[in-house]
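> Please find the sequence and the predicted model below.
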Amino acid sequence: MSVWPSDLFEFAFISNLDSRLEELVKLAEQEDWDYQATASERNHPVLLNYLRYTYARVAEEEKVELSADGMNTAFNTGLVTPNQEPIFAVFERNAIPDRQPWYLRKWCRKGEHDMVRFQSLPDMANYFANPAGLVFDSAKELRANVEHIIADNKERFPAPYNGMDDYALQTFLKGAIDNAKERVRRNYKTAIPQYYKGKIQLLLPLCLGNPQRADLALVAEDHGSFYRASTCLTLDMAYNNARQLARPDRDWLAP
């Protein structure tokens, strides 16, 4: 069991969260961290989600580093500056009683003086042992539970599809799944990996009305000799999840 709490906000206090996120946005190489169609209570929700899950993973892997004097901790955000210099989150011991043990002091570039406090620089989070799982094997069968996808996720479908009767929607969805399978056969980059509950899954585009524009993302899970798909995600949800591993190729999934 990890010595670090699994939740970032249990581990550390972050004052003026919106401002701290904005600081990181400006320090890191340019990237769009906002949803396109989903309302959010704050700016840069994709970045906040990314940091929470990155911290949870490095805590699980025990890659949070303690400084030589025990007064600071740090983890590798996995982000880099425009000059490709790694960025770390650096924390200081919290002197306020009955609060989180640490508080965020600053975002640090690898070359900053603050990082000399650490004998070893924190390593990046790792999500997979076998990179083959990141690529869709088109030789395997894709089994899609179309009825279940619609029954559990109809509210995720855009208009007018979310207002159709289930049988009519099944027809559109089956065609979109067939097209997605053909698309990934032509270009393996079409399948975008995401990390979910300790497993790598692959996201495929579902284009219901326009073949040039994805409406949803089909989630395919590897079961050895075949893939199984029983759910779909909105594009904002899919980007949020996929960004945890890497910035997705903009072929069809873009913020």
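Right, received. Where do you want to start? Just so it is clear, the model here is predicted, and its values are computed rather than measured. Residues are numbered from 1 along each chain as shown.
> What segments of the stretch 1-150 of the chain are strands?
With DSSP state E, counting those that start in this stretch as the criterion, the stretch 1-150 of the chain has strands at 12-13, 65-66, 72-80, 86-93, 102-109, 141-144.
> wait, which of those strands is closest to residue 23?
strand 102-109 (6.0 Å; Cβ to Cβ). All C-beta spots, glycine's among them, are computed from the backbone N, C-alpha and C.
> Show me which positions of that closest one end up buried.
Using 16 or more other Cβ atoms under 10 Å as the test for burial, strand 102-109 gives 102-105, 107-108.
> and residue 81, how far is that from residue 24?
11 Å (Cβ to Cβ, to the nearest Å).
> about what we covered before: now render the buried residues of strand 102-109 as JSON lines, adding distance to residue 198 and pLDDT.
JSON lines is the format used below for the buried residues of strand 102-109 (distance: Cβ to Cβ, whole Å; pLDDT from 0 to 100):
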{"residue": "102", "distance to residue 198": "26", "pLDDT": "98"}
{"residue": "103", "distance to residue 198": "30", "pLDDT": "97"}
{"residue": "104", "distance to residue 198": "27", "pLDDT": "98"}
{"residue": "105", "distance to residue 198": "31", "pLDDT": "97"}
{"residue": "107", "distance to residue 198": "28", "pLDDT": "98"}
{"residue": "108", "distance to residue 198": "29", "pLDDT": "98"}
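> From these, pick the one nearest residue 250.
Of these, the one sitting nearest to residue 250 (Cβ to Cβ) turns out to be residue 107, at 25.7 Å.
> just to revisit the earlier point, any chance of JSON lines for the strands of the stretch 1-150 of the chain, columns distance to residue 128?
Output for these, formatted as JSON lines (distance: least, Cβ to Cβ, whole Å):
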{"stretch": "strand 12-13", "distance to residue 128": "27"}
{"stretch": "strand 65-66", "distance to residue 128": "22"}
{"stretch": "strand 72-80", "distance to residue 128": "14"}
{"stretch": "strand 86-93", "distance to residue 128": "20"}
{"stretch": "strand 102-109", "distance to residue 128": "26"}
{"stretch": "strand 141-144", "distance to residue 128": "20"}
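> Figure out which of those strands is closest to residue 56.
strand 72-80 (10.4 Å).
> Could I get the pLDDT score of the nearest residue to residue 166 once chain neighbours are set aside?
Of all residues not flanking residue 166 in the chain, residue 150 sits nearest, at 5.4 Å (Cβ to Cβ, 6 or more residues apart in numbering). Residue-level confidence at residue 150 comes out at 96, pLDDT.
> returning to that earlier point: out of residue 81 and residue 24, which sits in the more crowded spot?
residue 24 (20 against 15; other Cβ atoms under 10 Å).
> any idea how far the nearest residue to that one once chain neighbours are set aside is from residue 175?
Spatially, and ignoring its direct neighbours in sequence, residue 24 is nearest to residue 107 (5.1 Å; Cβ to Cβ, 6+ apart). Per Cβ to Cβ, residue 107 is found 46 Å from residue 175.
> and what of residue 88?
Distance from residue 88 to residue 175, counting by Cβ to Cβ: 47 Å.
> Between those two, which has more neighbouring residues?
Between residue 88 and residue 175, residue 88 has the larger neighbour count (other Cβ under 10 Å), namely 23 against 13.
> In the sheet, which residues pair with that one? Tell me.
Counting by DSSP bridges, residue 88 is bridged to residue 76, residue 108.
> I'd assumed residue 73 was in contact with it.
No: assessed by Cβ atoms under 8 Å, residue 88 is found out of contact with residue 73, at 10.1 Å.
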